[in-house]
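> coords please:
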Amino acid sequence: MLVSLLLLCTCTAGNSVDQRLPANVIMNEDAGCGNWLFVTLHLEDGEELPFFIDTGSASTFLNQSLAAKLGQPIASDSQVSPRYPAPKLFLGKVQLKTGTTVGVLDFTNESSSAGRRVMGVLGIDCLKHYCIQLDFDAREIRFLDPNHLVTASLGQALPLTFSKEWHQPLLDNCNLVEGKGKPALIDSGYQDADGTLNSEQFSAAIRVGAVIPIENVPGYARLRGCLWNGETHTNMIIARADWNAIGLEFLARHLVTLNFPERKIYLKQTRSGPLITEDLHSGLEFLTGLKKTGQLPGCTADDKGRLDYFGQHSYPLTFTLRKKGDSFIYHYAIVRASKASPWQLQKAWQTDQNGRSIVEFAVP
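Just a heads-up that it's a prediction; the model follows:
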């Protein structure tokens, strides 16, 4: 009897899943401001792999260059991406709970877009096991105990449902543009807009004036302001996509607590407008200073207009200026060697309404 108990204990210990929670992770500065939310994972061999967190992805994917480490594919045909046995993935010293399989993809485009190496995406098959808090002000990702969550200071609690086919997290009545009755995917992997609408609803929203198209940026529109769940939000970007979603830029306006085991999301608004990083703030000040002194190419100190930023938070930062009474659009790309270095104007040019280049200005 004693031998049997010892064997049972040994088997149980050997097959146990790591119940520890990962330590807090420092958030990349540009998360929620045109870039993804990154964590550095590693395999058993210790290789460090930058992944971004994507609640909208049904599966975890690794870069195709890692396929040789995953063994033989479980299934592969011309229509389905190959599936491999899920490797052990570690965040710090803690092995993450994952699904039984992973996919492989080519992340070359994502690496180019992010301005850094991307080696995978951490999907809902892993994230669903955790309560994850995203604090964009403290720039920290926290893994919390879902069973002992102190909720008094976490903001509004909203119920989550999960789609039947892909088990993706949905808010049933919280579409950013159309409001009640329209479900929206919580999609932390959609990094360059506050939210999305499917093509039909996007066109309808433009037609009735609910959103305003962004000139020279097809498929994107501005939602200048809305009352969402009793809270006012301003200057939102809505993109056309194949699904309705709430993206990372909208989440970045809040302290976000995703309690997936309890099927709840807590949102505590921290700003009504978009998240502005120190880079964007100081870059805007630099260009504004050039304009005030008459040194901004194509613009005088007396010209009226608004400098704006739209796009990926990667170098060079590119701002646009639309001057009052002028149909042309002015573009300014700025760079700096380090955070301690001053900004420099790298390029300045003018386009027409269709994005066709008219002139490139000399840069002092």
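> burial count for V39?
Residues near V39, counting by other Cβ atoms under 10 Å, number 20. Just so you know, the C-beta spots here come from the backbone N, C-alpha and C atoms, and that holds for glycine as well.
> before we move on, what about the one 10 residues further on?
For L49, the count of nearby residues is 18 (other Cβ under 10 Å).
> my read: it touches F38, true?
No - contact between L49 and F38 fails when scored by Cβ atoms under 8 Å: they sit 10.4 Å apart.
> Now do the helices in this structure.
2-14, 108-114, 124-127, 199-207, 248-251, 278-292 (DSSP state H).
> Looking at those, which is nearest to A31?
helix 248-251 (7.2 Å; Cβ to Cβ).
> And the average pLDDT for that closest one is what?
Here helix 248-251 scores 96 as its mean pLDDT.
> Kindly report the same for stretch 230-241.
For stretch 230-241, mean pLDDT is 92.
> List the buried residues of it.
233, 236-241 (16 or more other Cβ atoms under 10 Å).
> Among the residues you listed, which one sits closest to G34?
I237 (10.1 Å).
> ok so, going back, the buried residues of stretch 230-241 in strands, which ones?
Residues of these located in strands (DSSP state E): 233, 236-241.
> Using CSV, please lay out those residues together with distance to L43.
Below are those laid out as CSV (distance: Cβ to Cβ, whole Å):
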residue, distance to L43
H233, 40
M236, 39
I237, 36
I238, 38
A239, 34
R240, 37
A241, 32
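> From the buried residues of stretch 230-241, pick the one nearest Q201.
Set against Q201, the nearest of those by Cβ to Cβ is R240 (8.9 Å).
> pretty sure the closest one is touching E200, no?
No - counting by Cβ under 8 Å, R240 does not reach E200; the two are 9.8 Å apart.
> residue contacts, the residue nearest in space to the middle of the chain?
In the chain, the centroid-proximal residue (Cα atoms, centre = their mean) is Q191; its distance is 3.1 Å. Each residue near Q191 by Cβ atoms under 8 Å, 6 or more residues apart in numbering is listed here: 32, 34-37, 52, 247-249.
> Tell me the most packed of those, by neighbour count.
Counting by other Cβ under 10 Å, top hit in these: L248 with 32 neighbours.
> any weak-confidence spans in this protein?
Filtered on pLDDT under 70, the chain yields the residue ranges 1-18, 75-80, 179-181, 216, 310-315.
> mind listing what's buried in stretch 265-281?
Buried residues in stretch 265-281, counted by 16+ other Cβ under 10 Å: 265-267, 269, 274-275, 277, 279-280.
> circling back to that earlier point, which of the buried residues of stretch 230-241 lies closest to G56?
A241 (10.3 Å).
> who's in contact with the closest residue to the closest one other than its chain neighbours?
With sequence-adjacent residues excluded and distances taken as Cβ to Cβ, 6 or more residues apart in numbering, A241 is closest to T196, at 3.8 Å. Going by Cβ under 8 Å, 6+ apart, T196 touches 187, 190, 202, 238-241, 243-245, 247.
> I'd like to know how far F250 sits from M236.
7 Å (Cβ to Cβ, to the nearest Å).
> quick one: common contacting residues for the two?
Taking Cβ under 8 Å, 6+ apart as the criterion, F250 and M236 both touch 176, 194-195.
> Neighbour count for those residues - can I get that in CSV?
Output for the shared contacts of F250 and M236, formatted as CSV (neighbours: other Cβ atoms under 10 Å):
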residue, neighbour count
L176, 24
D194, 26
G195, 26
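> any idea which of these is closest to A340?
Among those, and counting by Cβ to Cβ, the member closest to A340 is D194, at 31.8 Å.
> related to what we said a few turns ago, which single one of the shared contacts of F250 and M236 is nearest to H129?
Distances from H129 to the shared contacts of F250 and M236, taken by Cβ to Cβ, are shortest for G195, at 26.1 Å.
> And the strands in the stretch 201-350 of the chain?
All strands of the stretch 201-350 of the chain, identified by DSSP state E, counting those that start in this stretch, fall at 212-213, 220-228, 231-241, 245-246, 254-259, 264-269, 305-309, 317-323, 329-335, 344-351.
> Could you single out the most deeply buried of those strands?
strand 245-246 (a mean of 29; mean count of other Cβ atoms under 10 Å).
> how close does the residue nearest to F136 when sequence neighbours are not counted get to R139?
For F136, ignoring the flanking residues on the chain, the nearest one in space by Cβ to Cβ, 6+ apart is A252 at 4.8 Å. From A252 over to R139 the distance is 11 Å, taken as Cβ to Cβ.
> No further queries at this time; thank you.
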